[in-house]
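Q: with the sequence up front, the predicted model follows.
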Amino acid sequence: MAATPERTLDQASGARIGVVVVAAGSSRRMGGVDKIFAPVLGSPLIAHTLDAFEAFRPVAEIVLVLDEGSAEMGADLVRQRGYRKVSRICPGGPRRQDSVRNGLESLTPCDWVIVHDGARPCLDRPMLRRGLKAAQKSGASVAGVPVKDTIKVVSPQGLVVDTPQRARLWAAQTPQVFCYKLLREAHRRCAQTVTDDAVLVERMGHPVRMFRGSYENLKVTTPEDLAVAEAFLRSRAGVPI
């Protein structure tokens, strides 16, 4: 019997894959409501994200990073939905990278680690496979999509100072996939505030490969985004993730 893509990536090679789901944001643009537990198609938003990783065979373990005030709700959710791969729920830190670091420290050492925003519920199995394959070529990979709009660089005074070539511009997303030891070292070395984990690895001089994410792979940050995410997920109803 031919090996499935998941077996090729994991069981056949013996590689252990862990996941850090980062969901410890302040939800300021959601009016103070923790967006992670906002209902989407009858389930908390974060459940859709965890469902995808729980169903993805190569993943051995998931660490969920939450705001301390949401930890009890997170534990209840894990029990109610019977997630077997969620090993720990750990508190976030003052910055996103601190939250990821806390998650890494709670994760059992592995070969590869996937870092994903809990507020991106529309990922799917093909995207995860693309990320793992890309990371195997360089040790680090990041999901992204080509930008559709012309981008302007603007001065503090509101003046346009540059118009980069759109053909070379991609909007970065998660999941981001790394060699576990590489990402741990990147976090150890960098104390500066960054916007994602790929930047930490880039600053080490290590190559990061971009792979195709999805325009549906939006990050929910406003109440309007919830409706869009729900529409995307509804369109997939009955389609395996």
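A: Alright, I've got the coordinates. Numbering: from 1, shown residues only.
Q: hey, where'd the helices end up in the protein?
A: In the chain, the helices defined using DSSP state H lie at 5-9, 45-55, 71-81, 96-106, 125-138, 180-189, 197-202, 223-235.
Q: what's the most buried one of these?
A: When the helices of the chain are scored by mean count of other CB atoms under 10 Å, the highest mean neighbour count falls to helix 197-202 (a mean of 23). The way it works is simple: take the backbone N, C-alpha and C, and place the C-beta from them, glycine included.
Q: hang on, Leu218 packs against Asp225?
A: Yes. Counting by CB atoms under 8 Å, Asp225 is a contact partner of Leu218 at 6.1 Å.
Q: returning to that earlier point: out of the helices of the chain, which is closest to Arg212?
A: Arg212 lies closest to helix 125-138 among these, at 6.2 Å (CB to CB).
Q: the bottom helix or strand of this structure by mean pLDDT?
A: Least confident helix or strand of the chain, by mean pLDDT, DSSP states H and E, is helix 5-9 with a mean of 46.
Q: have a look at this structure and report its longest strand.
A: strand 170-179 (DSSP state E).
Q: parallel or antiparallel, list what pairs with that strand.
A: strand 112-117 (antiparallel), strand 140-146 (antiparallel) (DSSP bridges).
Q: got the angle between it and helix 125-138?
A: Calculated by axes from the mean of the first three to the mean of the last three CA atoms, to 10 degrees, strand 170-179 forms an angle of 70 degrees with helix 125-138.
Q: buried stuff in strand 170-179?
A: Neighbour counts over strand 170-179 (16 or more other CB atoms under 10 Å) mark 172-179 as buried.
Q: could you do stretch 108-127 as well?
A: 110, 112-125, 127.
Q: who wins for proximity to Arg57 among the strands paired with strand 170-179?
A: Nearest of the strands paired with strand 170-179 to Arg57, taken as CB to CB: strand 112-117 at 13.3 Å.
Q: hmm, back to that, among the buried residues of stretch 108-127, which two are most distant?
A: Applying CB to CB across those, the maximum distance is between Cys110 and Cys122, 24.9 Å.
Q: where does pLDDT dip in the chain?
A: Applying pLDDT under 70 to the chain flags the ranges 1-13, 26-33, 238-241.
Q: now with 50, please.
A: The model of the chain has pLDDT under 50 over residues 1-8, 10-12.
Q: centroid residue for the chain?
A: His116 (1.3 Å; CA atoms, centre = their mean).
Q: just checking, that one touches Ile46?
A: No. Taking CB under 8 Å as the definition, His116 is not a contact partner of Ile46, at 10.9 Å.
Q: joint contacts of those two?
A: Each of Val21 lies in contact with both His116 and Ile46 under the rule CB atoms under 8 Å, 6 or more residues apart in numbering.
Q: need the helices of the chain in CSV with distance to Met210, can you?
A: Shown next, in CSV, are the helices of the chain (distance: least, CB to CB, whole Å):
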stretch, distance to Met210
helix 5-9, 19
helix 45-55, 21
helix 71-81, 31
helix 96-106, 19
helix 125-138, 8
helix 180-189, 17
helix 197-202, 9
helix 223-235, 22
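Q: which one of the ones you listed lies closest to Val147?
A: helix 197-202 (16.5 Å).
Q: which other helices and strands does that closest one contact?
A: helix 96-106, strand 140-146, strand 170-179, helix 180-189 (3 or more CB pairs under 8 Å, 6 or more residues apart in numbering; DSSP states H and E).
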